[in-house]
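Participant: One predicted model, sequence on top.
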Amino acid sequence: MMEERGLEPGSPPGPARPARAGTTTLVAVRITVIGCSGSFPGPEGPASCYLLEAEGFRLLLDLGSGAVGALQRHASLDSIDAVCLSHHHADHCLDICPFWVARTYGPDGRLPRIPVYGPAGTAVRMAQAYGMDSRPGMTEAFDFVTLAPGSREIGPFQVTLAHMNHPVETFGFRVEYAGRALAYSADTGNCPVLVGLASQADVLLCEASYLSGPDPGPDMHLTARQAAEHAARAGAGRLILTHLVPWNDQQRSLAEASAVSYDGTLSLAAPGQVIALG
Ligand SMILES: [Zn+2]
């Protein structure tokens, strides 16, 4: 297995450009890790949030605790076109609250409504999180769209969704554009469906919340080793371990994943890391 330790933090902001036939240098999709801390923010960065850009369209996968702060280093809050929430745990969705404030009360007035995709009940869950009545709740700022397993278009992306193995309804994502594919596990325990979702993907962003040790139960999170086993079964080209819990030793997570027979490249996610596809 190849270990890839050279991350790409600090790439300059700006829209990813569409790929063109006959050229090899343009980036089709750019993925920026806004936050990859598992379960709660860490000293170096926020909880789960990933910025995907193609054709100038900006999609956020998850908006976890603390993400709105770090996001502003990479994209202005008025430039986001859509948000996809994998599930309703706080470390994946709660920064919808400050995002709503920024898009509602800015000096230029309320910004145009954008779609927020999430599991059933997202609009009510977010209104409750802010302590407001559910009508109108945040619906004047966000067009809440309920997700279901299957495929749909979001901006220029083809997004395939599947249920993961987690205590609340949770979606994993496969995002495709210009022949490139990113898979994202969100939160999950052992999940054969994730293997299908990530089949032959260029990149699998896979949660690795646990280190090896006493069995924590099958339906919550993956160990780093299990993440690598899922990537190997899927034939994913590159595995990036994410949802890294602050109390764990990240190098031990990397070492445990490295023990799996996996032909792709392996690395740890890091805040500010930019992954170019295309
Ligand atoms: Zn969760």
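Facilitator: Received it, and whenever you're ready, just let me know what you need. Numbers count the residues shown, from 1 in each chain.
Participant: all strands in the stretch 151-278 of the chain, in order from the N-terminus.
Facilitator: The residue ranges that make up the strands of the stretch 151-278 of the chain, judged by DSSP state E, counting those that start in this stretch, are 157-163, 171-177, 180-184, 203-207, 238-242, 265-268, 274-277.
Participant: got the CA coordinates for the second one in PDB?
Facilitator: Taking only C-alpha atoms (Å, rounded to 0.1, in the frame of the first residue of the first chain), the coordinates of strand 171-177 have been written out as PDB:
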ATOM      1  CA  PHE A 171     -26.900   9.100   3.900                       C
ATOM      2  CA  GLY A 172     -23.600   8.300   2.200                       C
ATOM      3  CA  PHE A 173     -22.900  10.100  -1.000                       C
ATOM      4  CA  ARG A 174     -21.300   9.300  -4.400                       C
ATOM      5  CA  VAL A 175     -20.800  12.600  -6.300                       C
ATOM      6  CA  GLU A 176     -19.900  12.300 -10.000                       C
ATOM      7  CA  TYR A 177     -18.800  14.900 -12.500                       C
END
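Participant: List the strands paired with it, with their directions.
Facilitator: For strand 171-177, the paired strands and their directions (DSSP bridges) are strand 157-163 (antiparallel), strand 180-184 (antiparallel).
Participant: So which residues make contact with the last one?
Facilitator: Think strand 180-184. Surrounding strand 180-184, the residues in contact under the criterion C-beta atoms under 8 Å, 6 or more residues apart in numbering are 28-29, 31, 50, 52, 61, 86, 172-176, 194, 197-198, 200-206, 234, 236, 277-278. All C-beta spots, glycine's among them, are computed from the backbone N, C-alpha and C.
Participant: Next, the buried residues of it.
Facilitator: Neighbour counts using 16 or more other C-beta atoms under 10 Å place 180-184 of strand 180-184 among the buried residues.
Participant: circling back: of the strands of the stretch 151-278 of the chain, flag the one that's most buried.
Facilitator: A comparison of those by mean neighbour count, using mean count of other C-beta atoms under 10 Å, puts strand 203-207 on top with a mean of 29.
Participant: so what's the residue nearest to Ala276 when sequence neighbours are not counted scoring on pLDDT?
Facilitator: What sits nearest to Ala276 in space, not counting adjacent residues and going by C-beta to C-beta, 6 or more residues apart in numbering, is Val27, at 4.5 Å. At Val27, the predicted lDDT confidence score is 76.
Participant: Quick check: end-to-end length of stretch 216-236?
Facilitator: Taking C-alpha to C-alpha, to the nearest Å, stretch 216-236 runs 26 Å from one end to the other.
Participant: cool, stretch 88-95 as well?
Facilitator: One end of stretch 88-95 to the other measures 11 Å (C-alpha to C-alpha).
Participant: How about that stretch and the ion, any contact?
Facilitator: Yes. Using C-beta under 5 Å from the ion, stretch 88-95 reaches the ion at His89.
Participant: Can you point out the buried residues in that stretch?
Facilitator: Residues of stretch 88-95 classed as buried under the neighbour-count rule (16+ other C-beta under 10 Å) are 88-89, 91-95.
Participant: The ion contacts on this structure?
Facilitator: 89, 187.
Participant: Which residue ranges of the chain form helices?
Facilitator: Taking DSSP state H to define them, one finds helices in the chain at 67-71, 90-93, 96-104, 122-130, 192-197, 224-234, 250-258.
Participant: Now tabulate those helices in a markdown table and tack on mean pLDDT and distance to Leu241.
Facilitator: Compiled in a markdown table, the helices of the chain are given as follows (pLDDT from 0 to 100; distance: least, C-beta to C-beta, whole Å):
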| stretch | mean pLDDT | distance to Leu241 |
| --- | --- | --- |
| helix 67-71 | 98 | 19 |
| helix 90-93 | 98 | 16 |
| helix 96-104 | 98 | 25 |
| helix 122-130 | 98 | 27 |
| helix 192-197 | 98 | 14 |
| helix 224-234 | 98 | 6 |
| helix 250-258 | 98 | 6 |
